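[1] Would you be able to build a 3D model of this:
(chains A and B)
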Amino acid sequence: MADPNRTVVVTDGSNDASTVSGAATGVQSSPKGEKGAGTDPSKMDQQTLAAVLQFLKNNKLKDAEAALRREAKLPDGNGDSSGSSRVATSGEVSSVLSAYESEGDLARYCEYYNSLSSFIESSLDAHKHELGCLLYPVFIHMYLQLVYNRHEKEAHKFFNRFSVEQEDWHQEDLRTLSTVKTREQMEGNDLMDTFRSSKFVLRMSRDSYQSLRRYLKQNEHRELLSILQDHLFIDVFDGVPRNREQVQATSGAMMGEARRDANKVKVLYGLPKEPDINVPLDDDDEGAEGEDKPKKKKQKKDLLLNKNKKADPNAPPPSRIPLPELKDADKLEKVLSWKEGLKRVPLGRENLPSICFYTLANAYQNVSAVGVSEDSSLLAAGFEDSNVRVWSLSPQRLRTMRNASELDQLDKEADDIVERMMDEKTAADSWLLHGHTGPVYATSFSPDREQLLTSSEDGTVRLWSLHTYSNLVVYKGHNYPVWDVQFSPTGYYFVSGGHDRVARLWGTDQFQPIRMFVGHYSDVTCIQYHPNSNYVATGSSDRTVRLWDVLNGNCVRVMTGHKAAVHTLAWSPDGRYLASAGVDKNVLLWDIAYGRLLAEMKGHTDPIYSLCFSREGSILASGGIDNTVKIWDVQKVFEEIAGSDDLTSLDRASLVEVGSLLLGSFQTKATPVLKLHFSHRNLLLGCGRYQHS
Amino acid sequence: MQNMNDSHAPLPSQQSSETTSASGASASTSGERKFAQIPKESVKAHAESIGISEVSDDVSAMVAEDACYRLREVMQASCQFMRHAKRKRLTAEDFNRALRWSNVEPMYGHNSPDPMVFRPTKDAELYFYEDREINLTEFAMETILPRNPGETTVKAQWLVVEGRDKGAGSSPALSEELVQYYDQVTRAILGGNEQLIKTALADLRTNSRVSALLPYFVYLVGEVKSISHDLEALTRLLQTAQALIQNPHLYLGPYLKQLVASVMYCILEPLAASINPLNDHWALRDYAARLLAQICRSGCMSVEGLQKQLPLALQKVLVDPARPLCSHYGAVVGLTALGSKAVEEVLYPQLGTYWPFLQSWMEDRTISNAQAKADAHRVQGAILSAAELLLKTYQQSSSDPHAESSHESSPNQSPHHPDASDFTIGTFGHLLESSGTAGPNSGGHRRDKGPVPITQMYSDLYSFFGDSLAVRVGNGAPFVPAKEDESDQDVEPIIEAGSSAFPSVQVERADLPPMLTFAGNGQPIDLSSMPSTSEATHTTTGGRRTSKRRQSSKESPKSKRARRAPSMSDIFSLSRASQRRRDIVVNIRGGRQVGKKKTKPGALLGAELSRLCRRVPFVGKRKKVKTLPGKVLQPSMGMLL
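    Numbers count the residues shown, from 1 in each chain, chains lettered A, B, ... in the order given. Next comes the predicted model:
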């Protein structure tokens, strides 16, 4: 836990605001402080208590007040009623009773804001950028106070005057905000609720913070003070103030930056030791010629040696999360994928991949989701007309299972029982899956390719059997559009996330979620399961990326830096790095070990909807609705940081200084790139719908 | 909010402006924000329209205010649906979805993929969208059914191969400049101004920036199929193709097949233009064949299988008797263009079956058949040239003992014809020339087989062509393009020994009557006596050849020989069968033979062949052979003139 002294909530400057600093400490020591709900019970209690006391005092109900004080074991209020603190307390109280009630002179808000703004402008260059972050949240809350207190005209004036000064990436939220013009409209506005219930997080060096304190002491702007106190969380660190680039790199999220302690938990990002697979290989080779046998075995052994010479120190213990046991088919699958991996083409800046593009023709209903199976043999597309279609990308056509009576006659002990179960007569190039009642926003194949998950605007997640091409389960729980769903790499578990701001972990055989990952301030837009199945990364339209521990549902990483909604995520094959991208057209690369931003890749001209690391993790491919595929040299970044695992510099987000990482940019004719996938052999597959006109 | 429903519907103009501002998304960062503004007058107007007349200003202002807010809220929500559908354009469907999630009845009838067009009224400041009435009865009785848009399918293609753009899937939007360039060039090419055409083609040949337009030009060339009636335009398009091929900056790659298909179309198809005998479609075919040769030579034939497919495609046309003669002509010319190997492997084995077919055409003397007969003679001439090429190649290879490379590569390696675009009509002599000049490099492996196959081939061919072949092969180098006017009018025949590329044409030009008489003369051929003689000839020559081969060949393909042997005998038997017909042609051409053949038809083959066999060494030696045509032809010319 961080030293409580280091992190201080701004107080009114007088040193005796015990309630407030106590509250701050409470937040800090709360084990789930990083969940950021801002509704810490202990704090609420204290504040409410103080509010009631104040109320009693104001109404001269001295006996009642004294009784309450006794009961709450609070010191006698008469002793410390110095003028300034009383004023502060009264401001605080009103904010509790109603977050935006203010008795102050609202007309002077413009003046206050101007004063703060000119103070920041005149402060030292070193502090300027860190302090600059104050302006946006102060602006927002001042505006909302004005609106809440029915000063619509002033609010409008205030907004028009200062909204243009805010950073570009805030404009989207400001647009949402500007629609709120009356007190009534504040009710039920999601963004409003977020601002009211959560604290905007700022990180600041101690020096900058001191200069802010001095300013606040000099100018006793009560309203400003109360805003800073109630709605902002200033995370103070010791060290050199950050410069403009550093500040900008991590700002942009809806509710400010991540608190420092939010990323302190150790993440076991390593990959577990591969299970020893010896048994099924012999079975597998029975079909092959005898002379081939020893060779294959040898190859496999080599692979095993390469892969798991020693256990990864960062890997979670294998039993940390109960995982489904490997079936024979799964083991066979693993062996086959290793074999395929042997034929892998090494990629790098000298060796760019080949891209095979699958274009969906005649998709007049518009494709809203594309999924490719891990082994690149199946493709599933979700359409806006609620349908899902599955194609085979291999010569193997898609067949359904025989009917029950025929199945009954089969010899269940036969080696090729799975093959026999299939009805050759039903072989088709594609199958259509009906069931959803809204656009399908995500599809995900199970690792064994026997099941398919889809999520839709209708608020449901559906599990389909790829043996019978029928709907097996409907998972209801989100009640709002489900934007993304993904199977865990081991199957069985899956995670879904949607408009309800919650990511849910499910088991395929349970209709209730196993875990709820709560913390995003806005829609969960994308999900990516960590390769070791112990963590889940989520991206959100609150412009943050979070990492959740499947074991306990805790948020273990919060990463800010995106300036607009995140729409796609990708894990590096080694599980340490995460790439994210979205509407802001930038690809960001994160180091999960420390939750820091490594690199920013700019170049796309429209939102990015797909990311994929090559199989060995040396290059990253991104694609979006600007109809281009871009290839990035992430290896360069990894090489750069390999030598400098310097923990001291990690507190400050500093981008790795490398030139442009762009290796290639390839344009399709008129097909948005909705999905990118590297095959086992490192062939890049792209997919999208051909857009005429 | 109940009034939501009431207020947004009649205010399309504001709504549309909102739509644009919202879909313009994050672009509008500063300055004026355009949001839906619904004035209270609109609220009043709408209230009146549904029968509420008394609405106070305050109420309508409040309703308007609230409606605006709801509208904006819904717009923002609908943008989210657009984003998740991975689209750039906001649709009415997105808006409806947002309405549904805020518990509002969606708007119906707006689901068109096209944007709504709003029109202002003239007098009042009122906007409406056109909503024409549909007569349901008519609509239901409509006979024109909407087209089935086709099932959604997945199509795979290479976008990039090892980091290099394939070009097939990706052609970035064309710049204004390029579009203009394309416009100008196409207009010039298809226009009539010679100067412009020249300039345009010259630029196409050299401009390096054409690559972006390559698919469009290839498509343009592909238009040959739709303008097969217009020789002029066809020629222009072929010239365009040629310019593209010659442009060193272009990588034809995936487009080569399309280009070749267009060229092949011009070579082989019975073009609409060929219905009119006045149209010289022959020249077009020759030109297209030259172009084909050029494509082969340009080295971009690496396209898998194309090298093999072309001869096969040509063969298919050649063996199809249902095809018109002009198609056959195209096939022969095309094979000639592909080189001696193609001629040897495709045309030569077919000759036995094809020749009588051709003869039957040439012999039909009915007036109605005159055109076909003329065509047949064309074909014959083309075959003769092909034979000549074949023999030339052999001749070269045998005369040059240091020849290295295989003879089939001759057209590929021959130097570029100096002025290929300036073609002369009705000839492909330059093809022969170019392959002839490539002589030193060609036909290397022929040495293995020794001179006997040449002899064999020559004698085979001679059996078809007679002395005209000797003339052509013998006179050596000067394969000068024919200078005569080849328009098919019956002009005074100009017969010039040695320079005529189409002896058959000469025959054709000789008036019909003499042919009739010749036919009459050919009568006394004793068909029954023929087989034995020629059988003997065949067996002797065949036997000798095999024995020689056994000695010399390293691993002479037995199967090939076995395959060829029957075809040889076919040729012989067929040539025997058609002896009478052939006489006509041969007699006219080779005057010296006329007498002999008429008198000693049976002895002809044997004697002639043995004589030819003896003469073969001379064929290889230019100086001696050069004198030959004069000797042979002089009498015949005398006779004809």
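
[2] what about A:Arg397, how many neighbours?
    12 (other C-beta atoms under 10 Å in any protein chain shown). The way it works is simple: take the backbone N, C-alpha and C, and place the C-beta from them, glycine included.

[3] Give me the spatial nearest neighbour of it, chain neighbours excluded.
    Nearest residue to A:Arg397 in three dimensions, chain neighbours excluded: A:Ala427, at 3.9 Å (C-beta to C-beta, 6 or more residues apart in numbering or on different chains).

[4] Ranking helices and strands of chain A by mean pLDDT, which lands last?
    helix A:18-29 (a mean of 35; mean pLDDT, DSSP states H and E).

[5] about what we covered before: is there a neighbour count for the residue nearest to A:Arg397? I'd like the number.
    For A:Ala427, using other C-beta under 10 Å, the count is 13.

[6] I'd guessed it sits against A:Leu398; true?
    Yes - at 6.9 Å, A:Ala427 and A:Leu398 qualify as touching, with contact defined as C-beta atoms under 8 Å.

[7] who in the stretch 51-200 of chain B is up against chain A?
    B:65, B:69, B:72-73, B:76, B:80-81, B:83-88, B:93, B:97, B:101, B:149-165, B:169-172 (C-beta under 8 Å from any C-beta of the partner chain).

[8] what residues are up against A:Leu378?
    Shown in contact with A:Leu378 (C-beta atoms under 8 Å, 6 or more residues apart in numbering or on different chains): A:Val372, A:Val390, A:Trp391, A:Ser392, A:Leu393, A:Phe445, A:Arg449, A:Leu466.

[9] From chain B, how far off is it?
    11 Å (C-beta to the nearest C-beta, to the nearest Å).

[10] Quick check on that residue: phi, psi?
    phi -130, psi 150 (degrees, to the nearest 10).

[11] again, but for A:Thr179
    When read as degrees, to the nearest 10, the backbone of A:Thr179 gives phi -70, psi -20.

[12] what about the closest residue to it other than its chain neighbours, how many neighbours?
    Distances taken as C-beta to C-beta, 6+ apart place B:Arg72 nearest to A:Thr179, at 4.0 Å, with adjacent residues excluded. Residues within reach of B:Arg72, counting by other C-beta under 10 Å, total 22.

[13] Repeat that for the one 5 residues further on.
    When neighbours are defined as other C-beta under 10 Å, B:Ala77 has 19 of them.

[14] mind checking which helix or strand it is in?
    helix B:57-84 (DSSP states H and E).

[15] Counting by contacts, list what that helix packs against.
    helix B:3-8, helix B:12-23, helix B:40-49, helix B:92-101 (3 or more C-beta pairs under 8 Å, 6 or more residues apart in numbering or on different chains; DSSP states H and E).

[16] What residues sit buried inside it?
    Residues B:59-60, B:63-84 are the ones in helix B:57-84 that count as buried (16 or more other C-beta atoms under 10 Å in any protein chain shown).

[17] again, but for stretch A:355-371
    Residues A:355-360, A:363, A:366-371 are the ones in stretch A:355-371 that count as buried (16+ other C-beta under 10 Å).

[18] Same check on stretch B:263-283?
    Buried, per 16+ other C-beta under 10 Å, within stretch B:263-283: B:263-269, B:271, B:273-274, B:279-283.

[19] Kindly report the same for stretch A:470-486.
    A:Asn471, A:Val473, A:Tyr475, A:Gly477, A:His478, A:Pro481, A:Val482, A:Trp483, A:Asp484, A:Val485, A:Gln486.

[20] what would those residues look like in CSV with pLDDT?
    Formatted as CSV, these follow (pLDDT from 0 to 100):
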residue, pLDDT
A:Asn471, 94
A:Val473, 94
A:Tyr475, 94
A:Gly477, 89
A:His478, 89
A:Pro481, 93
A:Val482, 95
A:Trp483, 95
A:Asp484, 95
A:Val485, 95
A:Gln486, 95
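
[21] Can you narrow the residues you listed down to the ones near chain B?
    Counting by C-beta under 8 Å from any C-beta, A:Pro481, A:Trp483 from these sit close to chain B.

[22] Need the buried residues of stretch A:470-486 in JSON lines (columns: secondary structure).
    Output for these, formatted as JSON lines (DSSP: H, G, I helix; E, B strand; the rest coil):
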{"residue": "A:Asn471", "secondary structure": "strand"}
{"residue": "A:Val473", "secondary structure": "strand"}
{"residue": "A:Tyr475", "secondary structure": "strand"}
{"residue": "A:Gly477", "secondary structure": "coil"}
{"residue": "A:His478", "secondary structure": "coil"}
{"residue": "A:Pro481", "secondary structure": "coil"}
{"residue": "A:Val482", "secondary structure": "strand"}
{"residue": "A:Trp483", "secondary structure": "strand"}
{"residue": "A:Asp484", "secondary structure": "strand"}
{"residue": "A:Val485", "secondary structure": "strand"}
{"residue": "A:Gln486", "secondary structure": "strand"}
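
[23] now the helix or strand where A:Phe158 lies, how far from the centre of its chain.
    Per DSSP H and E, A:Phe158 falls inside helix A:152-162. Centroid separation for helix A:152-162 versus its chain: 33 Å, with C-alpha atoms, centre = their mean, to the nearest Å.

[24] for the next helix or strand after it, packing partners?
    For helix A:152-162, the succeeding helix or strand toward the C-terminus, using DSSP H and E, is helix A:171-178. Counting contacts by 3+ C-beta pairs under 8 Å, 6+ apart, helix A:171-178 packs against helix A:135-148, helix A:190-197.

[25] which helices and strands does the shortest one pack with?
    Yep, that's helix A:190-197 we're talking about. With contacts defined as 3+ C-beta pairs under 8 Å, 6+ apart, the packing partners of helix A:190-197 are helix A:135-148, helix A:171-178.

[26] From A:Ala581, how far off is the residue in chain B positioned nearest to chain A?
    Per C-beta to the nearest C-beta, B:Gly163 is where chain B lies closest to chain A, at 2.7 Å. Using C-beta to C-beta, to the nearest Å, we find B:Gly163 at a distance of 21 Å from A:Ala581.

[27] ok, now which ones touch the closest residue to chain B within the stretch 251-400 of chain A?
    Nearest residue of the stretch 251-400 of chain A to chain B: A:Leu352, at 2.7 Å (C-beta to the nearest C-beta). By C-beta under 8 Å, 6+ apart, the residues touching A:Leu352 are A:Ile619, A:Ile631, A:Leu663, A:Gly664, B:Val160, B:Glu162, B:Gly163, B:Arg164.

[28] Number of residues surrounding A:Lys343?
    9.

[29] Not including adjacent chain positions, what is the nearest residue to it?
    Nearest non-adjacent residue to A:Lys343, counting by C-beta to C-beta, 6+ apart: A:Arg681, 5.1 Å away.

[30] Then A:His170?
    A:Tyr136 (5.6 Å).

[31] Quick check: buried residues in stretch B:146-165?
    Those would be B:Thr152, B:Val154, B:Leu159, B:Val160, B:Gly163, B:Asp165, for stretch B:146-165 by 16+ other C-beta under 10 Å.

[32] Now tell me what touches that stretch from outside.
    Against stretch B:146-165 from outside (C-beta under 8 Å, 6+ apart): A:351-365, A:379, A:381, A:383, A:389, A:391, A:393, A:430, A:629, A:631, A:663-664, A:666, A:668, A:684, A:686, B:166, B:168-170.
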